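Asker: coordinates only, no sequence provided:
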């Protein structure tokens, strides 16, 4: 079964949820089987040509003006995102992220896949969601569960935010007075690092799940991507949408004040999105793969 699950995920590019449905297993069981496949050597992630990879990472870092870049080898199958777990771990270590640090967690398929694979053990870390809950069944939108799993992987403590991601101002004011919610919100002002996804171009191909949370507003038609539904154009200029004020989420000002803002994304189609995210300042560190890195540099010089 380990071989079957590993092949479906790494060679056939099926998500853990799709494997669970096909094999009539729980997603938790699929996650454990994939972890065992790596531990038992059935799946091996090798970094080839480290000198070339390091040079590519440095060129990308300088080009984008980022503080840190860490690369994984290009995935054997398009869309396989698990390999980004290693560069995310390296970025946390480079940033001297340690005990008593606080880590903000975003949502999305890439963040979910990375945290499913695992983060380095850094005991004493606190994790907290960066926005309220999204009413979609797909696991990549379960931000509270993603924050909980991240804490378990790190050996830390999760904080939760039991509120929806869109709220009217009156409800926001009322809920913000709740002591348990306030406890999590206060952490947004003293985050040491965040891990966030970078959304693909608004005009690009979306899964049905992605489309469910994409604002239905023509104002973002020229946006090239988003971080936590904060949209931007190719030059990094923010693109605001009609109900953005209803977001129960870390503010842009709070986000850009976080010392290490790790964007995780890998796909040639996301090159322009990553460029925009870097130019916007919403991220200042990047975990991606070598193929995407090369595409970003080609897009930048094109």
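Answerer: Done, it's in. The structure displayed is predicted, hence computed values, not measured ones.
Asker: where does residue 83 land on pLDDT?
Answerer: Looking at residue 83, its pLDDT is 88.
Asker: ok, residue 202 next?
Answerer: Note on residue 202: pLDDT of 58.
Asker: what of the one 4 residues further on?
Answerer: The model reports residue 206 with a pLDDT of 44.
Asker: got it, and residue 209?
Answerer: Note for residue 209: predicted pLDDT of 48.
Asker: that's a helix at residue 287, yeah?
Answerer: No: counting by DSSP: H, G, I helix; E, B strand; the rest coil, residue 287 is not part of a helix but strand.
Asker: for the residue lying closest to it once chain neighbours are set aside, give me its contacts.
Answerer: Computed as CB to CB, 6 or more residues apart in numbering, the closest residue to residue 287 that is not its neighbour in sequence is residue 87, at 4.1 Å. Just so you know, the C-beta spots here come from the backbone N, C-alpha and C atoms, and that holds for glycine as well. Residue 87 makes contacts with 70, 71, 72, 287, 288, as judged by CB atoms under 8 Å, 6 or more residues apart in numbering.
Asker: got phi/psi on the third one?
Answerer: It refers to residue 72. For residue 72, the backbone dihedrals are phi -110, psi 160 (criterion: degrees, to the nearest 10).
Asker: next one: the first one
Answerer: Geometry field for residue 70 lists phi and psi as phi -130, psi 130, criterion degrees, to the nearest 10.
Asker: so it makes contact with residue 60?
Answerer: No: using CB atoms under 8 Å, residue 70 is not in contact with residue 60; the gap is 10.1 Å.
Asker: show residues contacting stretch 122-129.
Answerer: Under CB under 8 Å, 6+ apart, the answer for stretch 122-129 is 92, 97-105, 107, 143-144, 146-148, 150-151, 154-161, 184, 187-188, 191.
Asker: weed out the non-buried ones from those residues.
Answerer: 92, 97, 101-105, 107, 143-144, 146-148, 150-151, 154, 156, 158-161, 184, 187-188, 191 (16 or more other CB atoms under 10 Å).
Asker: before we move on, the earlier item: what do residue 70 and residue 60 both touch?
Answerer: What both residue 70 and residue 60 touch, as defined by CB under 8 Å, 6+ apart, is the set residue 286.
Asker: the stretch 1-150 of the chain: helices as residue ranges?
Answerer: 2-6, 16-23, 27-39, 50-64, 85-94, 109-117, 143-154 (DSSP state H, counting those that start in this stretch).
Asker: which stretches of the stretch 51-200 of the chain have low pLDDT?
Answerer: For the stretch 51-200 of the chain, residues meeting the criterion pLDDT under 70 lie at 51, 75-80.
Asker: give me the residues contacting the helix or strand where residue 194 lies.
Answerer: Take DSSP states H and E as the rule and residue 194 turns out to sit in strand 193-197. Strand 193-197 has contacts (CB under 8 Å, 6+ apart) with 88, 92, 95, 97, 101-111, 114-115, 130, 150, 227-228, 250, 255, 258-265, 282-283.
Asker: each with direction, which strands does it pair with?
Answerer: Using DSSP bridges, the strands paired with strand 193-197 are strand 102-105 (parallel), strand 260-264 (parallel).
Asker: ok, residues contacting the shortest one?
Answerer: Outside of strand 102-105, the residues within contact range by CB under 8 Å, 6+ apart are 97, 111, 115, 125-130, 143, 146-147, 150, 154, 156, 187-188, 190-196, 250, 258.
Asker: again with the last one
Answerer: In this structure, residues lying in contact with strand 260-264 by CB under 8 Å, 6+ apart are 67-68, 81, 84, 88, 91-92, 95, 97, 110-111, 114, 192-198, 227, 255, 274, 277-278, 282-288.
Asker: tell me the helix or strand right after that strand.
Answerer: Next element after strand 260-264 (DSSP H and E): helix 271-280.
Asker: what angle separates that following helix from helix 50-64?
Answerer: Interaxial angle of helix 271-280 relative to helix 50-64 (axes from the mean of the first three to the mean of the last three CA atoms, to 10 degrees): 60 degrees.
Asker: so helix 271-280 versus strand 285-289, what angle?
Answerer: 170 degrees.
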